[in-house]
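J.: Predicted structure and sequence below. I'll ask about it afterward.
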Amino acid sequence: MEHYNMNLTVKVWRQKNSRAQGNFESYSVKNISSEMSFLEMIDVLNEELIVEGKEPIAFDHDCREGICGQCSMYINGKPHGPWQANTTCQLHMRAFKDGDTIVVEPWRSAAFPVIKDLMVDRSAFDRIVQAGGFVSVNTGNAVDGNSIPINKDAADASFAAAMCIGCGACVAACKNSSAMLFLSAKVAHLALLPQGDPERKTRVMNMVAQMDKEGFGACTNTGACEATCPKEISISNIARLNHEYLRAGLTAEK
Amino acid sequence: MGLTGISLVLFLIVHAGINACVFADLVDPEENGAMFNKAAHFMGSTVLIRITEIGLFAGIILHIVQGLLLTAENKKRRTVGYAVAYTAGSKWYSRSMGLLGTLILLFLILHLYHFWASARFTGRGLEPVTYNGVEMHNMFGLMKATFSEWWVVIVYALGCISLYYHLAHGFQSAFKTLGVHNKRYNAMLSSLGYGFSAVITIVFILMPLSFVMGWVG
């Protein structure tokens, strides 16, 4: 692909802290290479802001390889920007052309309060996982993994659900700020495996209860989550979650 | 939402089926709504069906209450909105179920006033008609009179189009809520949902249209 440089206007949400009123600030960035990643473009902008003695834009990032789920920008009306099945860090500037105006917002959800600028507090996800997104294992000699027979289709479906990196794009995309795609991926990936089976019922009940407590909205099956998910988690996991929940609700011992 | 929705879908099938009796006029010009009037009389005078009617109203009210609560709760979950809305990932009608439901409710109030209130309570515009010695309401005549005005036909058509989009999302969504995640069934339910929505809408729109155009009656 041909390399080119571009000048852009970047409209970024700036907010001092969780209590402050935020507002959009426009910045012009010059000579941005089409080979740069989106976060590198923000890095360049931040370098300039620091030189000018201004506060740099705060944003979450870690691996910059599309696997950690830390980057979380809502770019031009879509979580993680215009490309499909992609994280913000893997979005490259060739997605834009010279003269473009790019609007960058934080994830918007009452359950994800803004910490600063584009950083939001996603610890609600951690608490949902703590409520049941695990398997309890006895200590002692490790059991040979291959000694447990697992249906290949179930293993594949479980792995597809386990691809979820917990970035929160599903919540950001959903008109109801529902966390059902995230939760369904976490529940499905364990429910499909024999290792997850013993805690299957309590897991789904506890995790759903925690999700409700965190203040996420209810799912209305619009499909926006699936369309924006960088890991292409299928919305059929949500129906699976509903099935798991119904089954647990009807048959749980307590 | 899903359970009450499916119960209302079942009602729509019965409603469309009974009302389709007006089209008996197309094959027999002497008919003059006899089949429909008899069917309506059966529906109105059978105790079991009257009891089911209470269930139907409970279902509608529950569906409305659930919808209002769900919309109000979900609205609270995003206190600061986006400057640029994300619309590409979902269908407009999937995002507008509350609005479509409200339009259907407004239409339903007019519709209940036209026919249900008249047959049950007020008797507005109803003539008696006798078949085999049994006197019953001439509901066919009431339909003919009601649908003689174009504005009524247009309001009914708009109500039915709102119903189409409401069902286009609601039908398949209901089964997902109930936990159907078999890929083949989901594909089937998706096609069935669109097909059902289209057939119901077309059958319902054809009724007022047939009267105003003079195809029946």
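T.: Yep, it's here.

J.: need the contact list for the closest residue to residue A:74 other than its chain neighbours.
T.: Using CB to CB, 6 or more residues apart in numbering or on different chains and skipping the chain neighbours, the partner closest in space to residue A:74 is residue A:105 (4.3 Å). For glycine as for every other residue, the C-beta is placed from the backbone atoms N, C-alpha and C. By CB atoms under 8 Å, 6 or more residues apart in numbering or on different chains, residue A:105 lies in contact with A:13, A:73, A:74, A:118, B:82, B:83, B:84.

J.: Recalculate using a threshold of 10 Å.
T.: By CB atoms under 10 Å, 6 or more residues apart in numbering or on different chains, the residues touching residue A:105 are A:11-13, A:22, A:24, A:73-77, A:79, A:114, A:118, A:172, B:80-84.

J.: now do residue B:63
T.: Residue B:63 sits next to B:1, B:3, B:4, B:5, B:7, B:8, B:101, B:105, B:170 when contact means CB under 10 Å, 6+ apart.

J.: that older thread, what about the contacts of residue A:105, which are in strands?
T.: A:11, A:12, A:13, A:24, A:74, A:75, A:79, A:114 (DSSP state E).

J.: Of those, select the buried ones using a ChimeraX command.
T.: Here is the ChimeraX selection string for the buried members of these, based on 16 or more other CB atoms under 10 Å in any protein chain shown:
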select /A:11,12,13,74,75,79,114
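
J.: Now for the ones in strands among the contacts of residue A:105: which two are most distant?
T.: Within the ones in strands among the contacts of residue A:105, two members stand farthest from each other by CB to CB: A:24 and A:79, at 17.8 Å.

J.: What residues of the helix-or-strand element of chain B with minimal mean pLDDT count as buried?
T.: Least confident helix or strand of chain B, by mean pLDDT, DSSP states H and E, is helix B:24-27 with a mean of 90. The neighbour-count check on helix B:24-27 (16+ other CB under 10 Å) flags B:24, B:25 as buried.

J.: In the stretch 1-150 of chain A, what residue comes closest to chain B?
T.: residue A:77 (3.4 Å; CB to the nearest CB).

J.: So that residue is in contact with residue B:82, correct?
T.: Yes: using CB atoms under 10 Å, residue A:77 is in contact with residue B:82, at 6.9 Å.

J.: Pull up the overlap in contacts between these two.
T.: In contact with both residue A:77 and residue B:82: A:103, A:105, using CB under 10 Å, 6+ apart.

J.: residue boundaries of the strands in chain A?
T.: Here chain A has its strands, by DSSP E, at A:5-14, A:23-33, A:74-75, A:78-79, A:101-105, A:114-116, A:119-120.

J.: JSON lines please, covering those strands and showing mean pLDDT.
T.: Formatted as JSON lines, the strands of chain A follow (pLDDT from 0 to 100):
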{"stretch": "strand A:5-14", "mean pLDDT": "97"}
{"stretch": "strand A:23-33", "mean pLDDT": "97"}
{"stretch": "strand A:74-75", "mean pLDDT": "98"}
{"stretch": "strand A:78-79", "mean pLDDT": "97"}
{"stretch": "strand A:101-105", "mean pLDDT": "98"}
{"stretch": "strand A:114-116", "mean pLDDT": "97"}
{"stretch": "strand A:119-120", "mean pLDDT": "97"}
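
J.: Looking at the ones you listed, which is nearest to residue B:149?
T.: strand A:78-79 (46.9 Å).

J.: give me phi/psi at residue A:108?
T.: phi -110, psi 110 (degrees, to the nearest 10).

J.: can you pull the contacts of it?
T.: A:13, A:74, A:79, A:114, A:120, A:171-172, A:177, B:77-83, B:86.

J.: Identify, from the ones in strands among the contacts of residue A:105, the entry nearest to residue A:95.
T.: residue A:75 (9.0 Å).
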